[in-house]
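**Student:** 3D, please:
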Amino acid sequence: MIDLTPTTDRTRAVAAAVTDEQLGAPTPTGSTVAALLQHLMGLSVAFRDAAAKIDGPTTSTPPGPVTDPLPDDWRAQVEQLLGELSTAWQDAGAWEGMTKAGGVDLPGEIGGLVALDEVLLHGWDIAVATGQSYEPSDSECEAVLPIVTPEDADGAGRDGLFGRVVDVPDDAPAFDRVLGLAGRDPGWTP
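**Tutor:** Sure, this is the predicted structure:
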């Protein structure tokens with residue numbers, strides 16, 4: 001069992017600092033900050049419900065393109081949903097047995113790691129797009145390595161989950177290695 005709280009708290013702080021003027025800014029994912037915030041809210045609901053082993057529309061629907069505008073109270077919603085996500089995965093039962101997220105059946109342990117990975121990576125995406133610092137711990141990075149490490153050398157066969165692996169030096173910081181494995185350039189700038 002891994003505590004998602006440090007990751008969700010950091011990402012909540014990043015989201016809270018986003019200005020209205022930054023919502024249209026590009027992110028490393030190719031979407032805007034606003035679209036990525038909307039995606040973050042949706043995945044928070046999906047993985048919160050996956051922790052509770054809920055089999056319904058929130059866990060059975062694959063993620064799609066984000067086209068809805070952010071709600072007026074998006075900052076409060078991001079704060080609340082990331083808090084609920086963190087709390088849901090503090091239950092040891094969330095990490096056991098099988099669950100579902102994005103329409104995919106998976107072991108609870110993998111679901112928790114994917115939730116951590118999603119919040120960790122998208123927190124960085126939003127931070128770097130808006131000029132904020134983002135410094136996860138080595139333990140967070142080590143936890144998500146199994147999720148971002150591709151089975152093939154270049155990561156070409158990951159069905160859109162991540163981009164192709166970006167080469168980073170072997171002695172790069174742990175988070176730079178995670179970013180590279182996830183198909184992100186650690187030196188990306190808007």
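
**Student:** which residues does the residue most central in space within the chain contact?
**Tutor:** When CA atoms, centre = their mean is applied to the chain, the residue found nearest the centroid is Glu118 (1.6 Å). With contacts defined as CB atoms under 8 Å, 6 or more residues apart in numbering, the neighbours of Glu118 are 40, 43, 47. Placement of C-beta: from N, CA and C, glycine included.

**Student:** most neighbours, which of those residues?
**Tutor:** Scoring the contacts of Glu118 on neighbours with other CB atoms under 10 Å, the highest-scoring entry is Phe47 at 29 neighbours.

**Student:** Doesn't that residue belong to a strand?
**Tutor:** No - with DSSP: H, G, I helix; E, B strand; the rest coil as the criterion, Phe47 is assigned helix and is not in a strand.

**Student:** Which helix or strand contains the closest residue to it other than its chain neighbours?
**Tutor:** Ranked by CB to CB, 6 or more residues apart in numbering and with sequence neighbours excluded, the top spatial neighbour of Phe47 is Ala115, at 3.8 Å. Following DSSP states H and E, one finds Ala115 within helix 108-129.

**Student:** Show me the contact partners of the helix or strand just after that helix.
**Tutor:** Per DSSP H and E, the first helix or strand lying C-terminal to helix 108-129 is helix 138-148. For helix 138-148, contacts defined as CB under 8 Å, 6+ apart pick out 2, 6-7, 110, 113-114, 116-117, 120, 162, 174-175, 177-178, 181-182.
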